[in-house]
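Below are the sequence and a predicted model for it; my questions follow.
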Amino acid sequence: MKVILAIVQDKDSQDLQKGLVDGGFRSTKLNTTGNFLRSGNTTFIIGVEEDQVEPALDVIRDNCHTRTQFVTSSFILPEDAINSSVEVQVGGATCFVLPVDKFVRF
Ligand code: 2BA
């Protein structure tokens with residue numbers, strides 16, 4: 001068994017939630033915060049059998065989109081005197097696939 005941790009943008013979270021349920025995947029949703037932009041994102045914990053990792057990643061890929069965000073450099077670098085805008089590409093999804101030693105449900 002594997003666990004997928006998928007960090008996605010809040011804007012994609014509802015579609016992904018539906019896609020996972022429709023695809024028969026069990027998951028847990030956490031409200032999280034990106035450390036760089038310091039804004040909200042969503043982390044899905046998805047437990048799957050090994051042969052379901054790629055199908056689950058396909059669902060994530062299909063429902064999560066890359067977006068461009070502009071942030072002021074002073075927001076990222078407070079010591080920066082010039083308040084210029086910096087372009088940042090966020091998402092579609094950042095995924096970690098981890099092995100699971102043991103899985104039990106009582
Ligand atoms: P944030 O940390 O808020 O990062 C948002 C976006 O800002 C990132 O998009 C990336 O384009 C940019 N960024 C982040 N750190 C940067 C840095 N040190 N220098 C320049 N640009 C930087 P994504 O890469 O798509 O990441 C989206 C969110 O996924 C992140 O939100 C964070 O919550 C999570 N994430 C990404 N990589 C991670 C990692 N290696 N470990 C844990 N979480 C990660």
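Good, I have the coordinates.

Please spell out which residues along the longest helix seen in the chain are buried.
Longest helix of the chain, by residue count under DSSP state H: helix 10-22. Residues of helix 10-22 classed as buried: 12-13, 16-17, 19-20 (neighbour count, 16 or more other C-beta atoms under 10 Å). In this view, the C-beta of every residue, glycine as well, is placed from N, C-alpha and C.

Check whether that helix comes near the ligand.
No. Using C-beta under 6 Å from any ligand atom, helix 10-22 stays clear of the ligand, coming no nearer than 11.1 Å.

Can you name the residues of the protein that neighbour the ligand?
Looking at the ligand, the residues of the chain close enough under C-beta under 6 Å from any ligand atom are 7, 34-37, 41, 88-91, 94.

Output the lowest mean pLDDT helix or strand found in this structure.
None of the helices or strands of the chain scores lower by mean pLDDT, DSSP states H and E than helix 73-76, at a mean of 61.

Residues in contact with stretch 21-36: which ones?
7, 13, 17, 20, 39-48, 52, 55-56, 59, 76, 88, 90 (C-beta atoms under 8 Å, 6 or more residues apart in numbering).

For the ligand, what's its nearest residue on the protein.
Nearest residue of the chain to the ligand (C-beta to the nearest ligand atom) works out as residue 34 at 2.1 Å.

tally of neighbours for that residue?
13 (other C-beta atoms under 10 Å).

Fine, thanks again, bye for now.
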